[in-house]
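Chemist: please find the sequence and the predicted model below.
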Amino acid sequence: MKKEIRIAGTGGMGVVLAGILVGHAAVVYGGLNAIQSQSYGSEARGTAAKSEIVLSDQPINYPKVRQSDVFVAMSQKALEMYLKGAKKNSVVIIDPDLVSSDGLDDYDLVLIPAMKMADDLGLRLVSNMVMLGALTKKAELFSLEVLEKAVKDIVPAKHLEINVKAIRAGANLV
């Protein structure tokens, strides 16, 4: 098994944290090899941001995503910048309130209203966790329990409950 994953949005959306969590969960609790990289603009918020993760049950020979098997686009700009790097028929996950699905007929499109779900949970900042739950379930990376263990390792205790709720909510939307 090998999966190349790209999560992209704008600064402040939590795409880097989401990538770190996937990599941590895979290596520490999922029994997989993982490489995670990230890039973002010099400003803290509003510029392009992406996180890339390569997961495999075999040694990983190249540390970058060449063409994603799974692409999470959390903003329209991210979709426009990185869609060309997604394999045809691969999984593309978008928030339909933020990203247009026009032109995505060649992909396994998953619509996750992450921002609305995060608002319903009471904290807009967990929209990345909603997407992470959807990503984990749709791509069958590992169990939600594995992801939740990683969240417990990395997310501050005072925010743990809302983040786990968001992950479960995202998974339930798939």
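Modeler: Structure received.
Chemist: any stretches of this structure with poor pLDDT?
Modeler: Applying pLDDT under 70 to the chain flags residues 41-46.
Chemist: helices of that one, residue ranges please.
Modeler: Assigned by DSSP state H, the helices in the chain fall at 15-24, 76-82, 114-121, 127-138, 144-154, 157-172.
Chemist: deepest-packed of those, please.
Modeler: helix 127-138 (a mean of 27; mean count of other Cβ atoms under 10 Å). All C-beta atoms are positioned from the backbone trio N, CA, C, and that covers glycine.
Chemist: got the angle for that helix vs helix 144-154?
Modeler: Going by axes from the mean of the first three to the mean of the last three Cα atoms, to 10 degrees, helix 127-138 is angled at 150 degrees with respect to helix 144-154.
Chemist: same for helix 127-138, what does it pack against?
Modeler: strand 2-10, helix 15-24, strand 68-73, strand 86-94, helix 114-121, helix 144-154, helix 157-172 (3 or more Cβ pairs under 8 Å, 6 or more residues apart in numbering; DSSP states H and E).
Chemist: again, only this time at 7 Å
Modeler: Counting contacts by 3 or more Cβ pairs under 7 Å, 6 or more residues apart in numbering; DSSP states H and E, helix 127-138 packs against helix 15-24, strand 68-73, strand 86-94, helix 114-121, helix 144-154, helix 157-172.
Chemist: now these in a markdown table, with distance to residue 79?
Modeler: Shown next, in a markdown table, are the helices and strands packed on helix 127-138 (distance: least, Cβ to Cβ, whole Å):
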| stretch | distance to residue 79 |
| --- | --- |
| helix 15-24 | 13 |
| strand 68-73 | 4 |
| strand 86-94 | 7 |
| helix 114-121 | 14 |
| helix 144-154 | 24 |
| helix 157-172 | 18 |
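Chemist: and the ones you listed: which comes nearest residue 3?
Modeler: Nearest of the helices and strands packed on helix 127-138 to residue 3, taken as Cβ to Cβ: strand 68-73 at 4.8 Å.
Chemist: dump the closest one to CSV, keeping only the CA atoms.
Modeler: Taking Å, rounded to 0.1, in the frame of the first residue of the first chain, the C-alpha atoms of strand 68-73 are listed here in CSV:
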residue,chain,number,x,y,z
SER,A,68,-1.7,12.7,-5.2
ASP,A,69,-4.0,9.7,-4.7
VAL,A,70,-6.0,11.9,-2.3
PHE,A,71,-6.3,15.7,-2.5
VAL,A,72,-8.0,17.8,0.1
ALA,A,73,-8.7,21.4,-1.2
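Chemist: contacts for that strand, please.
Modeler: 3-8, 79, 82, 85-87, 90-94, 99, 131, 135, 139 (Cβ atoms under 7 Å, 6 or more residues apart in numbering).
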